[in-house]
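> Kindly return the folded structure for what I paste below:
(4 chains)
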Protein chains: 2
Amino acid sequence: MMNGVTIASKTVGRLSLYRRLLESSIPCGREHVFSHELALLACVTPAQVRRDLMSTGCSGSPGKGYRTKDLIDGISKVLDYPEVQRVALVGVGNLGRAILSYFSGRRPNLRITASFDTDPQKTGRVINGCRCHPMSELTAVLGRESIATAILAVPAARAQETTDLLVASGIHGILNYAPVPLRVPEGVFLEERDMTMSLETVAFFARRAALERK
Amino acid sequence: MMNGVTIASKTVGRLSLYRRLLESSIPCGREHVFSHELALLACVTPAQVRRDLMSTGCSGSPGKGYRTKDLIDGISKVLDYPEVQRVALVGVGNLGRAILSYFSGRRPNLRITASFDTDPQKTGRVINGCRCHPMSELTAVLGRESIATAILAVPAARAQETTDLLVASGIHGILNYAPVPLRVPEGVFLEERDMTMSLETVAFFARRAALERK
DNA sequence: TGAGATTTGTGAACTTCGTCACAGCAATGC
DNA sequence: GCATTGCTGTGACGAAGTTCACAAATCTCA
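Predicted coordinates for the structure are as follows:
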C-alpha cells in the first residue's frame, strides 16, 4: 500500500453512505450525532459505525457523540481526491444512460465526464449531459483527462476486449455491470455487479423464505 | 431453514453464473468439463468451483471431470422453482426500464411479469414487454400472481414506504437499487445494490492503485 | 464536587468465506 | 495387472469482516 493505512473495501462503501446520510438526513440544527443514530439510518450496528469511523481518524466524545461537521470532513478527507476525480462510462445503452442520469450532478468531486460507444448514432453527441466518444478515441481521451476509473456497461460479448483496452489505457478501477466476470491484471481494482446473479440469488432466498412461512 | 441444507448466498450467485457459462461458453461437443476450466471462465479458483458444486450434489470423476449435462441439471434443481417464478419491478424510471429490457426473455423460469409506478403517464401501458400498474394495485397483483420477489428502483425518498408496502403484500426477497439502506423484518431477504457506494469504492481504490504505480 | 448515566474506543471472540493440500480414485500406459 | 498420472472431494487452515463486551472518558445534575 502506498501509505501505511489499509482500509477494507466494505468500509469505504459504508463511509460513503454515512457521509450521504449525514448530509441529507441529520436535522440541520444538530451539531452532534451518536453512533447509534447513524447506525439506525444506515441499517448497521452501532459497533460497526464506530469501527468504520476509526479508519477516518475522527473521534467522538462519550456522552456527546461525534461532531457532524468533523465526520463529514473526516470522511471526505479519506474518500475525496483534492481535485475533481473523473470517471468514464463505456457502453451507452439503456443501462448506461440510466447510470448517467443517476449520477449527473450528484457529487461535484466525482464526475462522469466521458462516455464511449460503438454506435455511430450515439458518438459525437452529448447524452445526458455527457459527451459520447467513439471507442477509437478511448485511449486518447482517458489520457487527456487523466481518468483512472471506468464503469462498464457493454454487452457480454464485448466486455473482455473492452476491459483489456481500458487497462491498456491506464484504468485502475472498473465497476462492471456486464454479465460476465472480467479478467484483470493485478493492481486493477474490480467490482462485479452482475444483475442476473443478484436477481437469481434474491429469487432463491425469497422462495425459501416464502416456503418456510407456510 | 426449511430443509436441512443451508447454502451460502455467494454460492447461489456463483451457481447461477456457472450454469450460464456452461450453457453458453462450453463448446457444444464437449460432454465433460474440469473444475479448472469452469474456474477460468468464472474467474475463480478451481477449489472454489468444486466447493460450490458440492452443494448441488453433483459429482465428477477424477481424470474425466463433470458431465456438463449433469451440472446444468443439478444446478437447475437447486436454483429453479418447478413452476415459473414471477418477479415484480417497482419504479419504471430509467433504471427500471434498463432492468426490464435486460431481463426480458433471458431465463424462461424467472420472469418479471408485473411493474409498478406512480406516474399516470406510465400506468396502464405495456413498457418493454411488461404491463405497468399503478401502485394502488400492488397488493392485489402480487397476490393474484403469487409474486414473492421484487426489484426496487424508485427514488430514495420513496424507498422505505414502498418496501413496507411490498413486505405487507407478501414479498420475501428484495433486490434494492434505490440509494438508501432498507429496513426489512426478519424473514425477508434483502440485497443492496447501491450504485453510489459501488462507484465511490471503485474510485477510491483506483486512485490508490494509480498513485502506487507512480 | 461527586454519583450516576451514557457513549466511545477497542481487544477478543466469533462468523463467514475462500484457499491449501492431500488422500483416494478413475483412467491410461506399460 | 501394476504403476503412473491427474483430478475430485474435503478436512484443516487462513483471511476478512462483524459483533461482543467492557474499561475509560465525558456529561448531567444535585
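> For the rest of this, base every contact and every neighbour count on C-alpha atoms.
Noted.
> What pairs with the lengthiest strand in chain A, parallel or antiparallel?
In chain A, with assignment by DSSP state E, the single longest strand is strand A:110-117. Strand A:110-117 has its sheet partners listed here by DSSP bridges as strand A:85-90 (parallel), strand A:130-134 (parallel).
> Could you point out the helix or strand that follows that strand?
Following the chain from strand A:110-117 toward its C-terminal end, the next helix or strand by DSSP states H and E is strand A:126-127.
> For that next one, give the mean pLDDT please.
The pLDDT scores in strand A:126-127 average 96.
> Also stretch A:141-159?
Model confidence over stretch A:141-159, given as mean pLDDT, is 97.
> does any bit of that stretch sit next to chain B?
Yes - contact between stretch A:141-159 and chain B is present through A:148-149 (criterion: CA under 8 Å from any CA of the partner chain).
> ends of that stretch, how far apart?
Distance across stretch A:141-159, first residue to last, is 19 Å (CA to CA, to the nearest Å).
> How far away from the center of its chain is the helix of greatest length in chain A?
Longest helix in chain A, counting residues (DSSP state H): helix A:195-213. Here the centre of helix A:195-213 is set off from its chain's centre by 25 Å, with CA atoms, centre = their mean, to the nearest Å.
> residues contacting the closest residue to residue A:71 other than its chain neighbours?
In space, not counting the residues next to it along the chain, residue A:71 is nearest to residue A:58; the distance is 6.4 Å by CA to CA, 6 or more residues apart in numbering or on different chains. With contact taken as CA atoms under 8 Å, 6 or more residues apart in numbering or on different chains, residue A:58 is in contact with A:70-71, A:74.
> Hmm, residue A:101 is touching residue A:128, no?
Yes - checked against CA atoms under 8 Å, the pair residue A:101 and residue A:128 is within contact range at 5.9 Å.
> Strands along chain A, start to end?
Ranges of strands within chain A are A:32-33, A:66-67, A:85-90, A:110-117, A:126-127, A:130-134, A:149-152, A:173-176, A:189-192, based on DSSP E.
> Quick one: those as TSV, columns for mean neighbour count and distance to DNA strand D too.
Supplementary listing: the strands of chain A in TSV, determined by neighbours: other CA atoms under 10 Å in any protein chain shown; distance: least, CA to the nearest atom of the strand, whole Å:
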stretch	mean neighbour count	distance to DNA strand D
strand A:32-33	17	11
strand A:66-67	18	11
strand A:85-90	24	23
strand A:110-117	22	23
strand A:126-127	14	35
strand A:130-134	20	33
strand A:149-152	27	20
strand A:173-176	26	16
strand A:189-192	19	12
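> follow-up on the earlier one: just the buried residues of the contacts of residue A:58.
Of all these considered here, the ones buried according to neighbour count by 16 or more other CA atoms under 10 Å in any protein chain shown are A:71, A:74.
> Go through the contacts of residue A:58 and name the one nearest residue A:207.
Sorting the contacts of residue A:58 by distance to residue A:207 puts residue A:71 at the head of the list, at 40.7 Å, by CA to CA.
> ok, the lowest-mean-pLDDT helix or strand in chain A near chain B or not?
Comparing helices and strands within chain A by mean pLDDT, DSSP states H and E singles out helix A:195-213 as the least confident, with a mean of 92. Yes - using CA under 8 Å from any CA, helix A:195-213 reaches chain B at A:196-212.
> Just the buried ones from those residues?
Taking 16+ other CA under 10 Å as the criterion, what is buried in those is A:196-210.
> Which part of chain A gets nearest to DNA strand C, residue-wise?
Across chain A, no residue is closer to DNA strand C than residue A:59, which sits at 3.0 Å (CA to the nearest atom of the strand).
> how about the nearest residue to that residue, chain neighbours excluded?
Sequence neighbours aside, residue A:66 is the residue nearest to residue A:59 in space, at 6.7 Å (criterion: CA to CA, 6+ apart).
> Touching, residue A:67 and residue A:33? I think so.
Yes - look at residue A:67 against residue A:33 with CA under 8 Å: they come within range, at 6.5 Å.
> So which residues on chain A come close to DNA strand D?
A:8-11, A:44-45, A:47-48, A:51, A:61-64 (CA under 7 Å from any atom of the strand).
> Next one: residue A:44 from residue A:22, what distance?
Between residue A:44 and residue A:22 the distance is 15 Å, computed by CA to CA.
> Please apply the same query to residue A:45.
With distances taken as CA to CA, residue A:45 is found 16 Å from residue A:22.
> More neighbours: those two, which one.
For residue A:45 against residue A:22, the residue with the higher neighbour count under other CA atoms under 10 Å in any protein chain shown is residue A:22, and the figures read 18 against 15.
> what comes up buried for stretch A:49-59?
Counting neighbours by 16+ other CA under 10 Å, one finds that the buried residues in stretch A:49-59 are A:49-50, A:52-53, A:55-56, A:58.
> per the record, what domains does chain A have?
For chain A, the domain assignment from automatic domain parsing gives the residue ranges A:9-79, A:85-197.
> okay, the ones you listed, which one's buried deepest?
Here the criterion is mean neighbour count by mean count of other CA atoms under 10 Å in any protein chain shown, and of the domains of chain A the winner is domain A:85-197, at a mean of 19.
> start to end distance for that one?
For domain A:85-197, by CA to CA, the gap between its terminal residues amounts to 30 Å.
> again with stretch A:95-114
This stretch, stretch A:95-114, spans 16 Å end to end (CA to CA).
> for the record, mean pLDDT for it?
pLDDT averaged over stretch A:95-114 gives 93.
> Could you check how far it is from the centre of its chain?
Using CA atoms, centre = their mean, the distance from the centre of stretch A:95-114 to the centre of the chain it belongs to is 11 Å.
> returning to what we had before: can you tell me which of the buried residues of stretch A:49-59 is nearest residue A:110?
Nearest to residue A:110 among those, counting by CA to CA, is residue A:56 at 19.3 Å.
> With that, I have no additional questions.
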